[in-house]
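Visitor: with the sequence up front, the predicted model follows.
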Amino acid sequence: MSLRRCFFCLLAVLLLPPFVTAQSADLLTRIWDGVQQAQGKFTTGCGTVVETRTSKLMLKPMVLRGKFCAEGMTRFTLEYAAPNALRIRFNTDYLNVTGGDGNTQVLEIGSGVRRAQSAFSREGSLAGLKKNFTITVQENAHQYEMHFVPRGEAFKRRLNSLTVKLDKRDFQPRSLEVDGKSGVTSVFAIDFTTLNAKLPADTFEVIKPK
C-alpha cells in the first residue's frame, strides 16, 4: 500500500470513543472531511522520507534516508540510500524487497492488502476503530495530531501506539511514529516534493513469482 494512502487508511478509520467531547467530535469530522477530499484530489505523490529508529538495545539512533513514490492504493516504491540500502516496491498484488546485496525477495500479498483496505474502508471504518483503537486528537497552528492506542488483540500483539501528524493546509501526512512491541520505535519524517505528476512506466515495475 502506498505510504501516503496507508496514512489515509489510518485516518479513514477515525471514530470517537464514547466518552469524547463534542469539540473533539467536531475536530475529527473536519479531519475526516479533509482527508476524503485529499484522497480525491491527489492521485500520485513523490518525496523524501527520513526514518529514525530508537531502541534500548541501540547505542544511538539509526537514521535512514530515502525517497518514495505512490500511485493510488495499489502502487508504491520506497528506496533507502546507502549505507542502509533497501528498495521496496509494491504493485497491485506483488511486493519486491531488494537488499544491499542485490538479492530480491518476491512476495504475493495482494489478497492480504485488499483485506486490510476493506477493513479500513469508509463503510467499515467507524465500527473497526471503536473495536480496535482509542484515539486522542489535538491541533496546533500548522498540524493535526492523532494518537492511536490499540484495544483489539490483533493490533496489541504488534503495536503499542501510533501517532500521525497531518498538515492542516492539504491534509498530507508529515510524520508517522510507530511504537512497536519489538521495542523499536520508528519516526518517519515525510516531505512531499511532487503531487499529481505523471510517473515513468517503470516506477512500480516488480518481479512476479514464477
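Guide: Sure, I can see it. Numbering: from 1, shown residues only.
Visitor: wait, doesn't Ile135 sit right on His147?
Guide: Yes. Under the criterion of CB atoms under 8 Å, Ile135 is in contact with His147, at a separation of 6.8 Å. Backbone N, C-alpha and C define where each C-beta goes, glycine included.
Visitor: tell me the SS of Leu28?
Guide: Reducing the assignment to helix, strand or coil with DSSP: H, G, I helix; E, B strand; the rest coil, the entry for Leu28 is helix.
Visitor: how many residues are close by it?
Guide: Number of residues near Leu28 (other CB atoms under 10 Å) recorded here: 19.
Visitor: gap between it and Gly40?
Guide: For Leu28, the distance to Gly40 under the criterion CB to CB, to the nearest Å works out to 19 Å.
Visitor: circling back to that earlier point, more neighbours, Ile135 and His147?
Guide: In this comparison of Ile135 against His147, neighbours counted by other CB under 10 Å, the higher total goes to Ile135 at 20 against 16.
Visitor: quick check: bridge partners of Met62?
Guide: Arg53 (DSSP bridges).
Visitor: mind listing what it touches?
Guide: With CB atoms under 8 Å, 6 or more residues apart in numbering as the criterion, the residues that contact Met62 are 52-54, 84.
Visitor: closest to Val63 out of those residues?
Guide: Closest to Val63 out of the contacts of Met62 is Thr52 (5.4 Å), distances taken as CB to CB.
Visitor: the closest one: neighbour count?
Guide: Close neighbours of Thr52, defined as other CB under 10 Å, add up to 15.
Visitor: so it touches Val178, yeah?
Guide: No. Under the criterion of CB under 8 Å, Thr52 is not in contact with Val178, lying 11.1 Å apart.
Visitor: shared neighbours of these two, which are they?
Guide: Residues touching both Thr52 and Val178 comprise 186-187, with contact defined as CB under 8 Å, 6+ apart.
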